[in-house]
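Student: Sequence first, then the predicted structure, then my questions.
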Amino acid sequence: GIELKADEWGADVVYSGTQKCLSGLPGISPITFSDDSVAAIKARKHKVQSWFLDMNLIMGYWGEGAKRSYHHTAPVNAVYALHEALLMLEEEGLEASFARHKANHLSLANGLSQLGLELAVAEAWRLPQLNSVLIPEGVDDAQVRSRLLNEFDLEVGAGLGELAGKQWRIGLMGTSSSAVNINRCLTAFETVLA
């Protein structure tokens with residue numbers, strides 16, 4: 001997708017899902033903590049009530065002087081899938097991956113505009129991997145998404161919360177961010193909205 005500068009931007013905690021721009025299997029969430037966040041976690045005065053996300057216990061899996069204790073059984077298949085996804089990313093190169101996501105986003109945005117559709121986010125704030133499209137007045141959100149799925153095998157996300165029925169969500173992440181998929185998506189929208 002894009003470069004994430006967690007330290008430079010002062011982000012204390014950042015997490016993701018390997019199924020997003022890495023194109024891995026779902027089930028693993030890479031996470032990073034700033035030094036300040038780690039210090040705050042280690043300085044907890046009260047024990048975490050459950051093992052779920054007990055970061056003190058999980059951090060025992062690595063680090064200098066770590067005393068490893070059992071926390072969970074690692075999702076080995078997902079770890080191997082992540083390894084393969086990272087090898088694919090290494091082969092493509094980070095800069096090339098960033099450029100591909102951006103080029104495909106611009107192609108999708110241009111094609112949607114030619115169909116009379118508008119992206120919901122101002123250009124300066126857009127992320128190439130997340131595309132929110134305003135649903136035109138009088139267009140039945142559920143019917144369009146149903147036809148896209150049933151006739152074109154194309155799943156477009158519905159708006160969430162306050163945006164339900166007002167926006168569609170089109171993801172261009174990892175290996176799904178391709179010119180072939182952009183063309184398929186635009187052709188499907190053109191047909192369904194005709």
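Tutor: Structure received.
Student: Please identify the buried residues of the worst-scoring helix or strand of the chain on mean pLDDT?
Tutor: Each helix and strand of the chain was given a mean pLDDT (mean pLDDT, DSSP states H and E); the minimum falls on helix 55-58 at a mean of 83. Buried residues in helix 55-58, counting neighbours by 16 or more other CB atoms under 10 Å, are found at 55, 57. Where C-beta positions appear, they are placed from N, C-alpha and C, glycine not excepted.
Student: Give me the next element, helix or strand, following it.
Tutor: Where DSSP states H and E defines the elements, the next helix or strand beyond helix 55-58 is helix 76-92.
Student: List of residues touching that following helix?
Tutor: Contact partners of helix 76-92, identified using CB atoms under 8 Å, 6 or more residues apart in numbering, comprise 18, 22-28, 97, 100, 174-175.
Student: now that helix, how far from the centre of its chain.
Tutor: Its chain's average C-alpha position is 16 Å from that of helix 76-92, according to CA atoms, centre = their mean, to the nearest Å.
Student: cool, and stretch 138-148?
Tutor: Taking CA atoms, centre = their mean, one finds the center of stretch 138-148 at 24 Å from the center of the full chain.
Student: So for it, what gets flagged as buried?
Tutor: For stretch 138-148, burial by neighbour count (16+ other CB under 10 Å) applies to 141, 144-145, 147-148.
Student: With just CA atoms, put it into CSV.
Tutor: These are the backbone C-alpha positions of stretch 138-148, laid out as CSV (Å, rounded to 0.1, in the frame of the first residue of the first chain):
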residue,chain,number,x,y,z
GLY,A,138,-31.4,7.0,-6.3
VAL,A,139,-29.0,4.0,-6.7
ASP,A,140,-29.9,1.0,-4.6
ASP,A,141,-26.7,0.0,-2.7
ALA,A,142,-27.7,-3.5,-1.9
GLN,A,143,-29.0,-4.3,-5.4
VAL,A,144,-25.8,-3.0,-7.0
ARG,A,145,-23.5,-5.0,-4.6
SER,A,146,-25.7,-8.1,-5.1
ARG,A,147,-25.4,-7.8,-8.9
LEU,A,148,-21.7,-7.2,-8.8
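Student: any idea of the mean pLDDT in that stretch?
Tutor: Mean per-residue pLDDT for stretch 138-148: 96.
Student: Now for the residue nearest to residue 154 when sequence neighbours are not counted: which residues touch it?
Tutor: The shortest distance from residue 154 to any non-neighbouring residue, by CB to CB, 6 or more residues apart in numbering, is to residue 148 (4.6 Å). Counting by CB under 8 Å, 6+ apart, residue 148 touches 154-156, 188-189, 192.
Student: Cool, thanks, signing off.
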